[in-house]
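Participant: Kindly return the folded structure for what I paste below:
(3 chains)
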Amino acid sequence: MKTLITLWLALFTSTVGVSASEAPVSEATQACLECHASLNPGIVAGWKKSRHARTTPAFAMKQPILERRISVDKPDETLSGHVVGCAECHTLNPDKHADTFDHNDHRVHVVVTPKDCATCHPVEEAQFEKNLMSKAHVNLMNNPLYVSAVDAINGIQVIEGMKTVLQPPDEETNADACLFCHGTVVQVKGQRTVESDFGEMTLPILKGWPNRGVGRVNPDQSMGACSACHTRHEFSIEMARKPYTCSECHKGPDVPAYPVYQVSKHGNGFYAMHNDWDFRAVPWKVGKDFTSPTCATCHVSLVVNDDGEIVSERTHQMADRIPWRLFGVIYAHAHPKSPNTSVIKNKSGLPLATELTGEPASEYLIDTAEQEVRLRRMKKSCLGCHSTGWTEGHFDRFENSIMTTNRMTLTATQLMIKAWDAGLAAGLVQKDSIFNEALEKKWMEQWLFYANATRLASAMAGADYGVFANGRYYMSKNIQEMLDWILFKSDLQKK
Amino acid sequence: MKTLITLWLALFTSTVGVSASEAPVSEATQACLECHASLNPGIVAGWKKSRHARTTPAFAMKQPILERRISVDKPDETLSGHVVGCAECHTLNPDKHADTFDHNDHRVHVVVTPKDCATCHPVEEAQFEKNLMSKAHVNLMNNPLYVSAVDAINGIQVIEGMKTVLQPPDEETNADACLFCHGTVVQVKGQRTVESDFGEMTLPILKGWPNRGVGRVNPDQSMGACSACHTRHEFSIEMARKPYTCSECHKGPDVPAYPVYQVSKHGNGFYAMHNDWDFRAVPWKVGKDFTSPTCATCHVSLVVNDDGEIVSERTHQMADRIPWRLFGVIYAHAHPKSPNTSVIKNKSGLPLATELTGEPASEYLIDTAEQEVRLRRMKKSCLGCHSTGWTEGHFDRFENSIMTTNRMTLTATQLMIKAWDAGLAAGLVQKDSIFNEALEKKWMEQWLFYANATRLASAMAGADYGVFANGRYYMSKNIQEMLDWILFKSDLQKK
Amino acid sequence: MKTLITLWLALFTSTVGVSASEAPVSEATQACLECHASLNPGIVAGWKKSRHARTTPAFAMKQPILERRISVDKPDETLSGHVVGCAECHTLNPDKHADTFDHNDHRVHVVVTPKDCATCHPVEEAQFEKNLMSKAHVNLMNNPLYVSAVDAINGIQVIEGMKTVLQPPDEETNADACLFCHGTVVQVKGQRTVESDFGEMTLPILKGWPNRGVGRVNPDQSMGACSACHTRHEFSIEMARKPYTCSECHKGPDVPAYPVYQVSKHGNGFYAMHNDWDFRAVPWKVGKDFTSPTCATCHVSLVVNDDGEIVSERTHQMADRIPWRLFGVIYAHAHPKSPNTSVIKNKSGLPLATELTGEPASEYLIDTAEQEVRLRRMKKSCLGCHSTGWTEGHFDRFENSIMTTNRMTLTATQLMIKAWDAGLAAGLVQKDSIFNEALEKKWMEQWLFYANATRLASAMAGADYGVFANGRYYMSKNIQEMLDWILFKSDLQKK
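Facilitator: Residues are numbered from 1 along each chain as shown, chains lettered A, B, ... in the order given. Sure, this is the predicted structure:
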């Protein structure tokens, strides 16, 4: 295999046009490599396999526009003649980085941010800034209702008499739990001096670190992490295009997009056949480079047909082709206008895009015209491999699923409201968390797990995730169990 | 990689003997391709990678019988000289197809059915007709007891007072849920006229579409869908042989065959080593083409040894090597005689192959002699890689698991019957569904999830699926929880 | 593909230096192959692909020490000149094997054991003997408390009146359940005579067979099974290094190491990119042969950097780099000193490494100095690809998770103790199993499933397994449900 890979690398390199041995490495990067190649051999070897290590911005600019991975109009002159190495990224914008430190005569920072990447990839960064995901931290932690859910999940419960008292979670626990994907706030909290093979070093101590959450709040005040999907230090488009990347955060019962994909025909096509596909071709040719879509294909990638005509534009806004917000919310609703959803307030004053009884807070949401535009974009992807009849039928069924899952959530919510009203559980009226009691958690599962899974299964044709694997079966069972609990509890109180 | 693949395609093509450029495409198919290559580039490109696009029936007939993918004695003369393209399938048997429509001077139908495929593959179609799976729609929807389960799962529950009322599910929901795998009824419900790049088109509107369920009821009145496993439009035997295909419908908690395979030694062998195997060889040589079985290997594939002697015959009946029916039923029992299980009635008059207390409705089931024949066939597969001692020991243990899981289901059923008898839950006597209440759903899980998972784990050596992953642990816990509920409820009623 | 594989095999063979056709097969093995090639073609063909079939111990000894797969100082002369075939393993140490039988003039045994493998691999066998996993059978079955859990899970519950009575599990059920991974006791229970194509044969009948559990008790009195991870008969290091091998036993809710890996960045790197890696290189070069670790990389493999300097030593002790025992226990605690944990007794006299309230039985556990040594070894692996700041931050957070998950287990245990004390459930005081009632099973899930999953997610950066996928969400919900049950039950008893 090694021999074949070597052969392939040789071919690949010749295509790129600038071989690793020819492409000039900056002096600064050379200095980094001298120590870190032995300190962290995996980082350096990984980077050496990257396109960054093999090509220069100047060379990248010579590629035809559709094949280009760089989006800046004119690369910075100080950068354009060297490969993109350690120093090219880790010394950018030093004054903006609170994590900049003096390191062997260089001003280095630890956390490379979207603003750093924007030096060569400004279009992608601008798109990503409009992406809900780049605000994943603030969307969670600036929403007091969601924070009460975080507390109820991550906090420590201690027993006092026959009650539990909730102690708020410590920061490390939040960083290890919700913020692992949503992103931490990375801050410099001091310095430490370490003995190394190369003498004494003074290094910054970071709070909220390590983290690769997609909505990370960075030491340069930017939000987001490109490395959430474009994994360091190989930054392979192959990896970003494969569904495993998305699965890092979209696999659990709260957002089972990946498991749904796995049982879909699309997933089957990928798993069975992808060894014969080309995951590095830019642009990506439908049918030729791949015969079944991955997450990226439908949601973000630049896809062209055999004649090089664009089927779908590249986007890093992610919701460009998505009219509905399906998961992480009590009711599915039209997509929010702003990527920062913590600005939303419903008529009841809650930071939710719908009332507890489902009516949308429409002023914060895209209108049906914009929904139609986005749906048309998505359908154009579908038509790559499906007839119009197939496509229309699929989306009619999906919109029906949005309606029925919202209806089943309403039923569960009505039961929950009855319980709060009767004092069987303590809710907003009692100034208590609506997520901390057993019954409330069942209510939460109705939408966060079951309605959610059902909609994702419907959207992506994932069969059993809409029935027995956290789908309609569980929605129907959960309502019966909530009802049983309420009847037991109220009977007990009466007697 | 592209270069290697091209190289490989060249080699592959030369093996086949008729290269894509040489193999003649019919005029009708050429006409399809002219528009659809740009309308649906993925379909066309996918098809171009298929064996259908590279070979003609006439050429296929020249292959040695064991290597042949075609089973007709003499291919239809009008078809035999061209590759199998769009028109060759989508214009077959036009008068039998209610979905036939006039399309640019051709009588085209949307849904290609087993009866169409039988034109070249009659042996496979005849086997498939005896396959339980080809009747998956009617086996579910013609069984009134199962329909009441479908209703209880997919219906909308609304609150009236302190009760829930069940509204029956709409057709789109059923199509998106159970019938996604079991198959819809596809019917023409009208016509629509669309504006296309090629002028105005009149197309049929289909109900129950899209669908690729294995037991689909088609517009030509046939049952089944070959494309459930032989995915359009590449129809790759590689894909059908890999376990991902089966996982589309056999992954959820109701039928976790694929998850069991994943943790089995067989699965480990496949995932770790299959890049070096040959999934396109026909016949399939054990040990040479693969060193660990996939689903297809043990259940359906034609497998030969190094000398070309047949280890297992190809079958599309699926249960040829299966003596027992393990899942989707209250108690495991001998396999049904007829693939249409909706004809079964037990002594109590219920459409079940056993009584609620487990006694089999033997007249509908294969006898022990036939079970023995099937078991011997399966064991012959095992002996390909295992000694007789290993094989015998495995099946002894498996039959013990059938007995113990049935026993644990009986215990749960006895509890359920006590609850019905005491009026704690409403069952058949009360003329109520036996699947709609919380306790009834727990009872359902005892067999549909836990006994089922345990048996599959035992059959396929899947370890934890027989213990903690929905296995014996959950059977034992579920009985205790059912008991608790019954005691709570009856205590409450007494007080 | 076949052509490429053939090409590759040719290259591989020439590297090894002794081609399959040249390497001498012993007369005894030749005799085995003559019949078994047709009786069990898969075994023979699999073995032919193995390194065992292509090389001799004498040739192996000539390799540089870091590249050597053999660890004996001087191979046995009778073995060193032939490839390692059927007879070389299945006729070793015949007098020690109770399963030895006369077979065509050879004294053959069925079960090849670690003591047999030690003939050429003594270092690995000695390490494995110190590995907790080699004692997996006795650690479970010699611990009376754990046996009561096995009984409660695998036993048959029958209804008597409104109670359940537990019948102990039969041996076949245990073998099919817990002992599938933990290992059975394999014993000769008699002989059978079979008619074969080669005449009448007398073969031993084995109890507890088949089994490939890692802690199997063998007919030569040794403990363990190398084939648990080094799968027969290909024995490919590629397979052992890939995570699918570990997943056979580490995937369920009780020990979800593999699912955690799947959603980790490490897992993403493996799944997306590993087709380009070299899984057969010995030693294994970080960054060059792989760019993201598998289970083996961090826990057991010999890993070197680009200059051939050792990053991590090979070990088969498994816990060499693990300071903490995280799963299968009520509270995480320092790793046990002895691989045989059934010797442990806490102050209350229970065979547990902590009290029920969490205090460690320290005399049986490694001290903080040894924990520090092991942690340093693990961190050295991390530093291959991560900075010191990243690594330290990761482990600080992980140790915090140990603390918080233990705390949440304590809360659940305090509730459980209240229930036992109040007679709401029957526990040790009542001389009843502490694992057989519904509430007890909820308590068990708090640590065995949820605290466990959370810790594994924290240890391996597996995101949602620390939150919604059996993580902190379930810990928090479970306590509320336990509390509800206790309050319901005690209220009912009062009225």
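
Participant: CA only for contacts and neighbour counts going forward, please
Facilitator: OK.

Participant: Now do the lengthiest helix in chain A: distance to the chain's middle.
Facilitator: Within chain A, and with DSSP state H defining each element, the longest helix by residue count is helix A:388-421. What separates the centre of helix A:388-421 from the centre of its chain is 24 Å, taken as C-alpha atoms, centre = their mean, to the nearest Å.

Participant: Also stretch A:37-48?
Facilitator: Between the mean C-alpha location of stretch A:37-48 and the chain-wide mean there is a distance of 27 Å, by C-alpha atoms, centre = their mean.

Participant: again with stretch A:289-303
Facilitator: 17 Å.

Participant: Would you mind putting the CA coordinates of stretch A:107-119 into CSV?
Facilitator: This file holds the C-alpha atoms of stretch A:107-119, laid out as CSV (Å, rounded to 0.1, in the frame of the first residue of the first chain):
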residue,chain,number,x,y,z
ARG,A,107,5.1,36.9,18.5
VAL,A,108,3.1,33.7,18.3
HIS,A,109,-0.5,33.0,19.3
VAL,A,110,-2.0,29.7,20.2
VAL,A,111,-5.5,30.0,18.8
VAL,A,112,-5.8,30.5,15.1
THR,A,113,-9.2,32.1,14.4
PRO,A,114,-11.6,32.8,11.5
LYS,A,115,-10.2,36.3,11.3
ASP,A,116,-6.7,34.8,10.8
CYS,A,117,-8.0,32.4,8.1
ALA,A,118,-9.8,35.4,6.4
THR,A,119,-6.4,36.6,5.4
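
Participant: Give the rounded mean pLDDT of that stretch.
Facilitator: For stretch A:107-119, the mean per-residue pLDDT is 98.

Participant: coming back round to it: right, and the helix or strand after the longest helix of chain A?
Facilitator: Tracing the chain C-terminally past helix A:388-421 and defining elements by DSSP states H and E, one meets helix A:438-445 next.

Participant: Could you list the residues in contact with that following helix?
Facilitator: Contacts to helix A:438-445, defined as C-alpha atoms under 8 Å, 6 or more residues apart in numbering or on different chains, come from residues A:330, A:412-413, A:416, A:425, A:434-435, A:478, A:482, A:485, C:477-478, C:480-481, C:484.

Participant: Between all of these, which two are separated the most?
Facilitator: Comparing every pair within the contacts of helix A:438-445 by C-alpha to C-alpha identifies A:330 and C:484 as the most remote, at 24.8 Å.

Participant: following the helix-or-strand element of chain A with minimal mean pLDDT, which helix or strand comes up?
Facilitator: The helix or strand with the lowest mean pLDDT-type score in chain A, counting by mean pLDDT, DSSP states H and E, is helix A:2-16 (a mean of 41). Proceeding N to C from helix A:2-16, the next assigned helix or strand is helix A:27-39, under DSSP H and E.

Participant: Now look at the next helix or strand along the chain from that next one and say if it contacts chain C.
Facilitator: Past helix A:27-39, further along toward the C-terminus, the next helix or strand under DSSP H and E is helix A:41-48. Yes - Helix A:41-48 lies within reach of chain C by C-alpha under 8 Å from any C-alpha of the partner chain, at A:41, A:42, A:43, A:44, A:45, A:46.

Participant: which intervals of chain A have sub-threshold pLDDT?
Facilitator: Residues of chain A meeting the criterion pLDDT under 70: A:1-21.

Participant: What about the residues of helix A:41-48 next to chain C, which one has the most neighbours?
Facilitator: In terms of neighbour count, residue A:42 stands highest of the residues of helix A:41-48 next to chain C at 30 neighbours, by other C-alpha atoms under 10 Å in any protein chain shown.

Participant: measure it to residue B:308 for me?
Facilitator: With the distance defined as C-alpha to C-alpha, to the nearest Å, residue A:42 ends up 47 Å from residue B:308.

Participant: what do you get for residue A:207?
Facilitator: For residue A:207, the distance to residue B:308 under the criterion C-alpha to C-alpha works out to 65 Å.

Participant: who's more crowded, these two?
Facilitator: A count of neighbours by other C-alpha under 10 Å puts residue A:207 above the other of residue A:207 and residue B:308, at 18 against 13.

Participant: Report how many residues lie close to the nearest residue to the more buried one once chain neighbours are set aside.
Facilitator: If you skip the residues right next to it in sequence, residue A:207 has residue A:187 as its closest partner in space, 5.1 Å away by C-alpha to C-alpha, 6 or more residues apart in numbering or on different chains. Counted by other C-alpha under 10 Å, the residues lying close to residue A:187 total 19.

Participant: Tell me if I'm right that residue A:187 and residue A:211 touch.
Facilitator: No - using C-alpha atoms under 8 Å, residue A:187 and residue A:211 do not qualify as a contacting pair, with a distance of 11.6 Å.

Participant: that older thread, now rank the contacts of helix A:438-445 by neighbours and give me the top one.
Facilitator: Neighbour counts for the contacts of helix A:438-445 peak at residue A:412, which has 28 neighbours (criterion: other C-alpha under 10 Å).

Participant: show me the contacts for the nearest residue to residue A:294 once chain neighbours are set aside.
Facilitator: Beyond its immediate neighbours in the sequence, the residue positioned closest to residue A:294 (C-alpha to C-alpha, 6+ apart) is residue A:243, lying 5.8 Å away. Neighbouring residues of residue A:243 by C-alpha under 8 Å, 6+ apart: A:258, A:294, A:295, A:296.

Participant: which ones are touching the nearest residue to residue A:257 once chain neighbours are set aside?
Facilitator: Leaving aside its chain neighbours, residue A:257 sits nearest to residue A:250 (5.5 Å; criterion: C-alpha to C-alpha, 6+ apart). Residues in contact with residue A:250 (C-alpha under 8 Å, 6+ apart) are A:256, A:257, A:258.

Participant: Next, format these as CSV and append distance to residue A:346 and secondary structure.
Facilitator: Supplementary listing: these in CSV, determined by distance: C-alpha to C-alpha, whole Å; DSSP: H, G, I helix; E, B strand; the rest coil:
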residue, distance to residue A:346, secondary structure
A:256, 27, coil
A:257, 27, helix
A:258, 31, helix
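
Participant: So which of those residues wins on neighbours?
Facilitator: Neighbour counts for the contacts of residue A:250 (other C-alpha under 10 Å) peak at residue A:257, which has 27 neighbours.
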